[in-house]
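Peer 1: only geometry, no sequence info:
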């Protein structure tokens, strides 16, 4: 910590210095955060209170919703609160903690999306062996592997962040602490650090995206042998997954898979993978999924009717 003795806190420049824009952003992002929490909690409670939890796809969906809440909560509450204050500061320790948690939960989410793609591949391409291959033991193993993968992804980036010396400038041109904006104000040559960040973050995102893209390509190709009804159901489910993958990975790859530099537009792009994509996940998985919509109606109608009867 000796290298950081001159900097005890950072100043976040946020999205805009215009008062009217900040008020608009406060209302908009507060709404987004409430929708995100409500939608993901709705999925969590509905699946946990129904037989769907025994199905691998919904078992993974519960974990994905949990990660959406954790991942977004590392950034969004601070962003919303900062929009109401003039001087947006974050302590050095909180900044480093934000770097770690964001990349940890983001990494876990990436690997859970990969597990969901594997689940859909087995369900569509090997339907007769589906329950044997996707046993609860196998599902638990994949979730644990996702958590381990998230830790392996986050620790190197966290190590890079805490090793940076800060000896003067402490203004971060962003609305949260991330490794590239921190490199910009570090008092040292950060070229090697930038290359390592691309290797640990950008390449992970790119390789995972290619694997997911290839997996869904194989799945869609195999649908030619399915009946019209089976093809429609599979397309609906896979369409939801592909939409989520594109919303999350496209901006992520844009930010982390390029030379270590920052642009003013990065803050806008980052909104897509920190807030917008996690907010849309519940809508995408429920509106395009008949089974999920029926479960929501059944679980919540039963709860409402039982409460009415008790009253």
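Peer 2: Noted; the coordinates are in hand. Note that the structure is a prediction, hence the values are computed from the model and not measured. Residues are numbered from 1 along each chain as shown.

Peer 1: list the contacts for residue 149?
Peer 2: Each residue near residue 149 by C-beta atoms under 8 Å, 6 or more residues apart in numbering is listed here: 107-108, 110-111. (Each C-beta comes from the backbone N, C-alpha and C, glycine too.)

Peer 1: quick check: buried residues in the helix or strand harbouring it?
Peer 2: Assigned by DSSP states H and E, residue 149 falls within helix 136-163. Residues 138-139, 142-143, 146-147, 149-150, 153-154, 157-158, 160-162 are the ones in helix 136-163 that count as buried (16 or more other C-beta atoms under 10 Å).

Peer 1: same thing with stretch 69-77?
Peer 2: So for stretch 69-77, counting by 16+ other C-beta under 10 Å, buried means 69-76.

Peer 1: for the residues you listed, work out which two are farthest apart.
Peer 2: 69 and 75 (12.0 Å; C-beta to C-beta).

Peer 1: before we move on, back to that, tell me the strands beside the helix or strand following the helix holding residue 149, with direction?
Peer 2: Note on helix 136-163: by DSSP H and E, the next helix or strand toward the C-terminus is strand 171-172. Strand 171-172 sits in its sheet next to strand 9-12 (parallel), going by DSSP bridges.

Peer 1: list the contacts of the partner strand.
Peer 2: 82, 87-92, 95, 170-172, 174-177.

Peer 1: which of the residues you listed are buried?
Peer 2: By 16+ other C-beta under 10 Å, these give 82, 88, 90, 92, 95, 170, 172, 174-177 as buried.

Peer 1: for residue 91, what are its contacts?
Peer 2: 8-9.

Peer 1: ok, it to residue 170 distance?
Peer 2: 11 Å (C-beta to C-beta, to the nearest Å).

Peer 1: quick one: low-confidence ranges for the protein?
Peer 2: 1-5, 225-227, 229-231, 233-234, 260, 262, 287-293, 296, 299-311 (pLDDT under 70).
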